[in-house]
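Engineer: using only what follows, build the 3D model:
(3 chains)
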Amino acid sequence: MRTTKTLLAVSAAALMAFTPAWGQSVAREDTVIFDLDRTIKDPENFNWFTPGTKRLHGAHQAMWEPLFILNYETGEMEPWLGTAFEPNASHDEWTLSIRDGVKWSDGEVFDADDVVFTVNMALGNEDLSSREAATVRAQVASVEKIDDLTVKFMLKSSNPRFAVENFGVRIFGSMLIMPEHIWNGQDAATFAFYPPIGTGPYKYASGATNRMIWDRDDNYWGAATGFTDLPEPLRLIWLESGGEESRAQLMAANQMDAAQTVTLGTFEAMQFQNPNIIAWKSGMPFAWSDPCARQIEFNTTVAPWDDANMRQAVNHIIDRSQIVNVAYEGTTEASRSIFVQYGGMEKFISAVEDAGYGFSASADVAAGQALIEAAGYAKGADGIYEKDGQDLVANVTVNTASTELTRAVDVILEQLNRAGIAAKPVPVENGVFWGTALPLGEYELAYTWLSCGSINEPWASMGRYTAKDVAPIGERAPGFNNTGRWNTAATAAYSEIVDQMGGMSVGDPAIEGMVVDAYKYYREEVPFLPMVQASKLLPFNTTYWSGWPTQENNYNHPAHWWGHTHQIIHNLTKSN
Amino acid sequence: MGRIPMDYLLNRLVTLFLTVWIAATLIWIIPRLSPVDPAEIMLGRMAAGAGTVANADEILATLRARFGLDDPLLVQYVKYIRNVVVFDFGLSTASFPTEVSALIARALPWTLGLMLISITITFFIGNLLGALMVWERSPKLVRVAIPAAMVFTSIPPILSALLLMWVFSAQLRWFPLTGAYGLFVEPGWTWAFAQSVIYHGFLPALSIVVVTFGFWALGMRGLMITVQGEDYTTLAKAKGLRPRYILYKYMIRNAILPQITAFALKIGLLIAGQVLVERIFAYNGMGKLLYDAILDQDFPVIQGVSYVIILMTALSVFIVDLIYPLIDPRIRHGD
Amino acid sequence: MADTTELSRAQIRRMKRFDNPWRNPKLIWGAGLILGIVFMGILGRLLWDMELVFTGSAPLKLPPVGFENLRGQAGVAAHPIGTDGAGRDLLSLIIIGAPNSLLVGLLASCIGMSIGIFLGFSAGFLKGRVDDTIRILADVMITIPPLLILVVFQASFGDVSLTMMAVLIACFMWQSPTRLIRAQVLSMRESGYVQMARLSGASTMHIMFREMMPNLVPYLFGSFIANVTTSIVTAVGLEVLGLGPQRIPTLGRTIYEAINSGALIQNLWWWWGIPTILLAVMFVGLLLINLGLDEVSNPRLRKL
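Structural biologist: Reported below is the predicted structural model:
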């Protein structure tokens, strides 16, 4: 018995005191381990223009650099590979200046040719379906090299937000420039780009379906030119943790430095076991608000949800504060409008609310039921509404990738069921959710964040639900815009105002009134219902590394799977 | 060694065949009774997954032909049975276009490994304990184990898994909460990997052992009481043979035989129980594959996993049935 | 004097126990545990607020009275055994959930038993081809683990009701009673009293239910209880995989939700622990009943 015990203890100790055993070994204190929330389907394919996990496993955080990075805290667009991006007076010609001295990791010079080549590749190839490539295709008429460090973009129509929308890492990623000397002559839709190269401070070392390893490139152009210092970590690892419990255990055991979002309870448990774990805020609610507020998307082509009154009924039945308290454990707040509740958006939110178009945090089930009854439904013996012998059913498509989403949908389903709507979950895997369910319109209701876009101006979000983006069911909604196929007289009226807003420069005082005017049509028909603000509770581990983004040290936001993570990596310093 | 009687072998073979055939048929019929047509949903899902795969249309066309989804039901059924015989369950909808059989092939070794280890341990410990409960020379303490063994046996492994996980993984943090090997070790024939596998497999195996050893112990106890009264035991004692020798060579050897038949009836429950233990520990075996498939409504995987587990059960029962006459001395006498 | 009375009292007790085999302590304890769960269900519904089973009706993750959770909140009397991660009162959850789990077991076992009695008698009496078919079918079905077939069923049908789940499980609970009854009927039909009854011209029905049934009761009871256990294990298995009734509280579903919400790492032991203990109590109760029944029907097992 004693021998067994000793044996156990020894082997347990031996196993806990692991060192990453991949490739030539780099000490744990020189390595940063990031959490990856999905499997890398094809680790030897780096063609990020086509769908799949080809960017957020370190490729666009460590290897490929963006032209600019939007600072969420200041609202400024900070230069990176680019130094300036200037529009003409009518915002339909933009001139990009590139930083001098940027080199690809194979020694080739990064210049205007690469930019022109990459943009032309996106313009000329419909198969490049990533959101960034599609957006560039939709906006750019032509691109032209002025000199080695200057590129001019001619747009199809005026767009005052062109730079930040396409090249500023506004949401998740940006249009990444690819090396012309490698991509030239390849079929852009099928080229695997393996092994990949980039301009960033880390080079691809090895990959598998559950991890990607990047080693520091000591010849990084940024250090040579004095743009930045070499980052301190010698090695970066993106590792698929495989769920909240294993995530928590890795963080508690110091085997991970930056984790994906976890629930409040798990975060508290982690912190309880490992006091070195921090998050954006140092106290409740710990979380950072992600700009993509959560919403219920209706497929407006499917009965009975094609009826605006039925959608309004759902709106009355939903108790937003309960979703906040139960599914999010108080780490977020109820949405008051379709906009993210950032300071820069506050004036639009108040304007909408003052006009009486706000959303209530609490439910008015009776009002919702009255609307359902008015539509000809009567409650059956089982408490579910029926019409012509058919139950009133709501199938809610939910992405199974994260506990946050499934928990929120559980609460919503319960609210709908108690009010008499037979609501059922349709759980789908991440790839199907984004690959087809949403873009092809193959859902009834879905829990999404597709109005996401606005940070400091209203157009980016409102512009996603206009009439011009309506695609037939079964065809891809362009850039996930208007996936609910909202297409009524109100849509037309709404779109007219919103399209007009699109051509006006940010900060134009007339916009506020126009938002209210357009919002009226949206609010009458509610093609989607804002639910709650998105909170991301991202645990960082300070045992080996300090300098993580926090509310006090707010050089930028903490979403470490976004393209701005370059900034985080450059800010990391060894903990003592 | 005894010989397996021909009619017995034939009988067992027919039962095996019928079991597998009925299970496969049930798995095929059930979804077709459902108001929503799963074939259509399956294809829809795959077509959905296809949006992200280059030559998806070709794959789907081959799939349609392979399963004859446009044929009359009977033809579909015949094709299905033919496919199932070669373990062709089509493609996973959640990880399109991976073959279901490839996913199962990846998970199966883990399940088989865990099963073999836990069954061996539990068989050994259980029978030894059962024998000691009867042996007059064993310490008193062993007899106290009887009620404990009984109580444990009535509890399904899923509950023991939860309790062990809470105590040893969540509270004491001696063992990992999830997985079959560490995230930081490369699978391969290395010592580090083996270590990691043992470390991760310990608790899942223990949860099964804890609740199954009692079954053996109690059965063995009953058999030992009978054996104890047999003439050959009395004779051996009279001859003055060492007690330990009598215990092993005379008593356990004779009592253990009927235990093996009892095992045949237990296999189904054991395997089903292990599937749930794997789900609790997120162990990389069939249980986790099944659970993930249920979460993602990946119907081909659910079908494939169910079929393979049933096949595994039926095969184990068949093998046990064959072993029994081979080692039963009474059949040897009959030769 | 005192000694003799003591002795005789003990003797009387012993005699009584012999006289009435049903006053078996194992049987009484087992029945007590199971009835306790039933009473909890009945009394609970009368005394406790059943609205508390709904999401968000209580604060989240409160511990039982006398404990503290990681957040430092103490348990409150309004939720004496704590609340779960979705703000449901655990007491109300188990008041509804525990009898539900028991109900599924009893119902499935009853149905399975009825099928088994019918098939067993048919096989034993009719012999020939009917017997062969039933025997082989029972042999075959006994090796198929019900859980896997039920997983396929529920995955294709989606949400099921509690009764439906019991009926489905019952489809796999008839094999062992069938085998048992068939074997007994085969041996009994040659026995004296059945031959007598037959010679005196009694109908088959009469022979089956008047002459043979009473002798089968102890076997049937044992098999019934064993089947209740297996049915509950199967039902819990389905629920823990996230199948089974989606919107009716059961112990298995509570455990499923607890594991899925990271209750283990957050040390919310009451959330999964209390349903686990209740299930364990149920299984031990059933085991004791079964052991007691064994002793009742097989007096040699009774110890003095």
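Engineer: so which strand or helix has B:Val151?
Structural biologist: Assigned by DSSP states H and E, B:Val151 belongs to helix B:140-153.
Engineer: what about residue 90, how many residues nearby?
Structural biologist: Using chain A. Using other CB atoms under 10 Å in any protein chain shown, A:Ser90 is surrounded by 11 other residues. Where C-beta positions appear, they are placed from N, C-alpha and C, glycine not excepted.
Engineer: hm, I was asking about chain B
Structural biologist: A count of nearby residues for B:Gly90, using other CB under 10 Å, gives 22.
Engineer: excluding chain neighbours, give the residue nearest to it in space.
Structural biologist: B:Pro300 (4.6 Å; CB to CB, 6 or more residues apart in numbering or on different chains).
Engineer: helix, strand, or coil at that neighbour?
Structural biologist: With DSSP: H, G, I helix; E, B strand; the rest coil as the basis, B:Pro300 sits in helix.
Engineer: the helix holding B:Val151 packs against which elements?
Structural biologist: helix B:100-134, helix B:191-228, helix C:269-297 (3 or more CB pairs under 8 Å, 6 or more residues apart in numbering or on different chains; DSSP states H and E).
Engineer: in JSON lines, list these along with mean pLDDT, distance to C:Thr254 and mean neighbour count.
Structural biologist: Output for these, formatted as JSON lines (pLDDT from 0 to 100; distance: least, CB to CB, whole Å; neighbours: other CB atoms under 10 Å in any protein chain shown):
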{"stretch": "helix B:100-134", "mean pLDDT": "88", "distance to C:Thr254": "27", "mean neighbour count": "19"}
{"stretch": "helix B:191-228", "mean pLDDT": "86", "distance to C:Thr254": "19", "mean neighbour count": "21"}
{"stretch": "helix C:269-297", "mean pLDDT": "89", "distance to C:Thr254": "5", "mean neighbour count": "22"}
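Engineer: can you lay out those as a markdown table showing distance to A:Ile98?
Structural biologist: Below are the helices and strands packed on helix B:140-153 laid out as a markdown table (distance: least, CB to CB, whole Å):
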| stretch | distance to A:Ile98 |
| --- | --- |
| helix B:100-134 | 46 |
| helix B:191-228 | 47 |
| helix C:269-297 | 57 |
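Engineer: out of the ones you listed, nearest to A:Asp319?
Structural biologist: Of all these, it is helix C:269-297 that lies closest to A:Asp319, at 23.0 Å by CB to CB.
Engineer: next, the angle helix B:140-153 makes with that closest one.
Structural biologist: 110 degrees (axes from the mean of the first three to the mean of the last three CA atoms, to 10 degrees).
Engineer: and helix C:269-297 with chain B, contact?
Structural biologist: Yes: Helix C:269-297 lies within reach of chain B by CB under 8 Å from any CB of the partner chain, at C:Trp269, C:Trp272, C:Gly273, C:Thr276, C:Leu279, C:Ala280, C:Phe283, C:Val284, C:Leu286, C:Leu287, C:Leu291.
Engineer: residues in contact with the residue nearest in space to the middle of chain A?
Structural biologist: Residue closest to the average C-alpha location in chain A (CA atoms, centre = their mean): A:Phe172, at 4.8 Å. Applying CB atoms under 8 Å, 6 or more residues apart in numbering or on different chains, we find A:Phe172 in contact with A:Leu56, A:Ala559, A:Trp561, A:Trp562, A:Gly563.
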